[in-house]
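# Here's my sequence, what's the structure:
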Amino acid sequence: MNIKSKIVSIALSVLMVAALAGCTESSRVNYNIKNDADNFKVKRKLIALNTRTNEALFTVEGYLSIGVDDDGDLNVTIKTGDDDYKLFYAHLSDDVTYTSVQMDGSDVTPYAYQISFFPVKEAIEHGLLDVTSTD
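Numbers count the residues shown, from 1 in each chain. Next up, the predicted model:
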């Protein structure tokens, strides 16, 4: 091997090691964020979507632990106080999916939560839903 080939080989080796180290760090960070979120240390917003109509069905916002059980139910545990929790269930189907996003910090109480159903206006007008929030 000539000198040029050795330099290229060493450079590629260093790049591969750096890339692998980055994947390990990324995996660790991803795990830590998910773990903190599931332990109610990260404020998140969950949005359920009807994929057929592209409409939002509901949102849940607060300190949430999110899971899906074997029969397709979305299970959301909401921390509402030091030792207080509420459960929220929704059935997922072929036409209903959800996404969750980590929210930035805010000046509200860390135990605030909010559930909003869409279309809220019609549900409230017909007395079907009383939308409240702890804010």
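# Tell me which stretches of this structure form helices.
3-38, 120-125 (DSSP state H).
# rank the ones you listed by pLDDT, which is bottom?
Set side by side, the helices of the chain give their lowest mean pLDDT on helix 120-125, at a mean of 58.
# Average pLDDT for the longest strand anywhere in the chain, rounded please.
In the chain, assigned by DSSP state E, the strand with the most residues is strand 55-68. Here strand 55-68 scores 91 as its mean pLDDT.
# Could you do stretch 89-99 as well?
pLDDT averaged over stretch 89-99 gives 89.
# Can you get me the start-to-end distance on it?
Terminal residues of stretch 89-99 lie 15 Å apart, using Cα to Cα, to the nearest Å.
# list the buried ones in that stretch?
For stretch 89-99, the neighbour count (16 or more other Cβ atoms under 10 Å) marks 90, 96, 98 as buried. C-beta coordinates here come from the backbone N, C-alpha and C atoms, glycine included.
# Out of those, flag the one nearest to residue 34.
residue 98 (15.5 Å; Cβ to Cβ).
# how much space is there between residue 39 and residue 93?
Relative to residue 93, residue 39 is positioned 29 Å away (criterion: Cβ to Cβ, to the nearest Å).
# Please disregard the earlier target; I meant residue 2.
For residue 2 relative to residue 93 (Cβ to Cβ), the value is 63 Å.
# can you check residue 61 too?
Shown here: residue 61 relative to residue 93, a distance of 23 Å by Cβ to Cβ.
# average model confidence for stretch 39-51?
89.
# Kindly report the domain assignment for this structure.
The chain resolves into domains spanning 1-38, 41-135 when parsed by automatic domain parsing.
# end-to-end on stretch 64-75?
End residues of stretch 64-75 are separated by 10 Å (Cα to Cα).
# Make CSV out of the buried residues of stretch 89-99 and add distance to residue 77.
Shown next, in CSV, are these (distance: Cβ to Cβ, whole Å):
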residue, distance to residue 77
90, 13
96, 20
98, 15
